[in-house]
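Visitor: The following comprises the amino acid sequence and a computationally predicted model.
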Amino acid sequence: MLEAVDLPFLVQRPDHTWAEVETPQLIKIEGVGPAGFSAAIQMLMGR
């Protein structure tokens, strides 16, 4: 699924690690669950 999008974001797991994913242009976001999703949206909006 990450390979199908223009900007792939990966948020952290509950233990603050990331899944091991090999995807070009992958952006790892610090934050677990909704906090990580919010951080990704903020980044996209340029805030």
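Guide: Structure's in. What do you need?

Visitor: From here on, just use CA atoms for contacts and neighbour counts.
Guide: Fine.

Visitor: What values do phi and psi take at the nearest residue to W18 once chain neighbours are set aside?
Guide: Leaving aside its chain neighbours, W18 sits nearest to Q12 (4.9 Å; criterion: C-alpha to C-alpha, 6 or more residues apart in numbering). The phi and psi torsions at Q12 (degrees, to the nearest 10) take the values phi -80, psi 160.

Visitor: going on from the strand ranked longest in the chain, what's the next piece of helix or strand?
Guide: The longest strand of the chain (DSSP state E) is strand 27-32. Note on strand 27-32: by DSSP states H and E, the next helix or strand toward the C-terminus is helix 34-44.

Visitor: Could you check the angle that next one makes with strand 27-32?
Guide: Helix 34-44 and strand 27-32 are oriented at 140 degrees to each other (axes from the mean of the first three to the mean of the last three C-alpha atoms, to 10 degrees).
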